[in-house]
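>>> dropping the sequence and predicted coords here.
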Amino acid sequence: MTNQPKVARALTIAGSDSGGGAGIQADLKTFQELRVFGMSAITAVTAQNTLGVQGIYPLTVEAVGRQIDAIGEDLGADAVKTGMLFSSEIIVCVAEKLRRYRWQKVVVDPVMIAKGGAVLLLEESIRALKESLLPLAWVVTPNIPEAELLTGMKILGMEDRKEAARKLAAYGAKHVVMKGGHDPSGASVVVDLLFDGRDFYEFSSERRETRHTHGTGCTFAAAITAELARGRDIREALAAAKSFIQAAIEDSLELGHGHGPTNHWAYRDRAAKQ
Ligand SMILES: Nc1ncnc2c1ncn2[C@@H]1O[C@H](COP(=O)(O)OP(=O)(O)O)[C@@H](O)[C@H]1O
Ligand SMILES: Cc1ncc(COP(=O)(O)OP(=O)(O)O)c(N)n1
């Protein structure tokens, strides 16, 4: 019996967002939109909507590990994404499973604090993330505040971003994508910076003034994961992910009373109209 997969497969290891804009829900919607079979291991359940996070309920390490084993022992994955991991214990468990199943295309989105300020990664777990997970990352995708917490440096301009990217690569991440959504300069262009250990590449798009940006980081990292699962190289994956998130932000759904979700089907709608 041949075990050759006919479809690209991606696993997300992340928290559940009841509001559907971020976390596991954003990841699975993005995988589906990009024609990748999505699977999940949930680390924590959050009660969350566009107004903020009302509750966080982490799962046990055993529950997280068993979900990952269920995928690793049967379905397999072409790429894996990690999102909200919450505690050092969960991070260490996830790192052990990534090694056990020899997953190479691992996208680490170092989720730490939600837009409304809720803590999605305990402060004492930042060290575990750097030491246990970054060495296994094919790509790590911090936003600017996350990169500041991971490197201990203040990031103002592009040279700071480059220095921070070099520091994160020194932990063992093969590629660093420093996202530009939180750029303090107020520029009209959003630049995501890729460092491949040698060279820097910029991926730019027009900055949109909108409150509907809940889950942009999850969605962007999930699109990178899906494209890697489909066999794209890192620069192709980033270019596609940037188009995906730009469409998702521009064609927003105007849901909720606060920071609304992005539109996960906008990219497909646009492709169908071309
Ligand atoms: N206002 C915006 N207009 C266009 N793209 C944006 C905007 N805000 C964020 N992005 C894009 O969304 C993705 C996530 O960026 P960022 O906001 O930095 O991360 P996070 O959601 O993790 O805080 C990146 O690709 C970034 O370029
Ligand atoms: C369950 C869960 N995971 C991750 C996040 C953070 O998502 P992100 O894409 O960084 O978007 P914002 O929270 O910053 O809008 C989350 N909120 N919930």
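Here it is on my side, so go on. Ligands and ions are numbered 1, 2, ... in the order given.

>>> the one residue in the stretch 151-274 of the chain that gets nearest to ligand 2: helix or strand, and which one exactly?
Per Cβ to the nearest ligand atom, Gly217 is where the stretch 151-274 of the chain lies closest to ligand 2, at 3.3 Å. Bear in mind the C-beta positions are built from the backbone N, C-alpha and C, glycine included. Gly217 is part of helix 216-229 when elements are defined by DSSP states H and E.

>>> from the chain's centroid, how far away is that helix?
From the chain centre to the centre of helix 216-229 is a distance of 6 Å (Cα atoms, centre = their mean, to the nearest Å).

>>> can you list the low-confidence ranges for the stretch 1-150 of the chain?
1-5 (pLDDT under 70).

>>> quick one: the strands in it?
Remark: strands assigned in the stretch 1-150 of the chain by DSSP state E, counting those that start in this stretch are 9-17, 37-49, 52-58, 79-82, 106-108, 139-140.

>>> tell me what the longest one is packed against?
Translated: strand 37-49. strand 9-17, helix 23-33, strand 52-58, helix 61-70 (3 or more Cβ pairs under 8 Å, 6 or more residues apart in numbering; DSSP states H and E).

>>> for Arg198, give its distance to Ala165.
According to Cβ to Cβ, to the nearest Å, Arg198 and Ala165 sit 11 Å apart.

>>> settle it for me: which of those two has more neighbours?
Taking other Cβ atoms under 10 Å, Arg198 and Ala165 do not tie; Ala165 has more neighbours (26 against 6).

>>> so that one is in which element?
With DSSP H and E as criterion, Ala165 is part of helix 158-170.

>>> please see if stretch 229-246 touches ligand 1.
Yes - residues of stretch 229-246 contacting ligand 1 under Cβ under 6 Å from any ligand atom: Lys242, Ile245, Gln246.

>>> restrict those residues to those near ligand 2?
Answer for those near ligand 2: none qualify (Cβ under 6 Å from any ligand atom).

>>> most neighbours of all those residues, which one?
Busiest of the residues of stretch 229-246 next to ligand 1 [other Cβ under 10 Å] is Ile245, holding 30 neighbours.

>>> on that earlier part again, which one of the helices and strands packed on strand 37-49 lies closest to Ala118?
Closest approach to Ala118 among the helices and strands packed on strand 37-49 is made by strand 52-58 (3.6 Å; Cβ to Cβ).

>>> which residues are in contact with that closest one?
15, 43-48, 86-87, 90, 114, 116-118, 120, 258 (Cβ atoms under 8 Å, 6 or more residues apart in numbering).

>>> please check those and keep the buried ones.
Buried members of the contacts of strand 52-58, counted by 16 or more other Cβ atoms under 10 Å: Gly15, Thr43, Ala44, Val45, Thr46, Gln48, Phe86, Ser87, Ile90, Ala114, Leu120.

>>> quick one on the thing from earlier: need the strands of the stretch 1-150 of the chain in a markdown table with distance to ligand 2, can you?
Listed next are these as a markdown table, based on distance: least, Cβ to the nearest ligand atom, whole Å:
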| stretch | distance to ligand 2 |
| --- | --- |
| strand 9-17 | 3 |
| strand 37-49 | 5 |
| strand 52-58 | 7 |
| strand 79-82 | 11 |
| strand 106-108 | 13 |
| strand 139-140 | 14 |
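
>>> the helices in the stretch 151-274 of the chain, which residues?
Using DSSP state H, counting those that start in this stretch, the helices of the stretch 151-274 of the chain run over 158-170, 216-229, 234-250, 266-273.

>>> show me the contacts for Ala118.
Thr46, Gln48, Gly52, Val53, Ile56.

>>> farthest-separated two in those?
Gly52 and Ile56 (11.5 Å).
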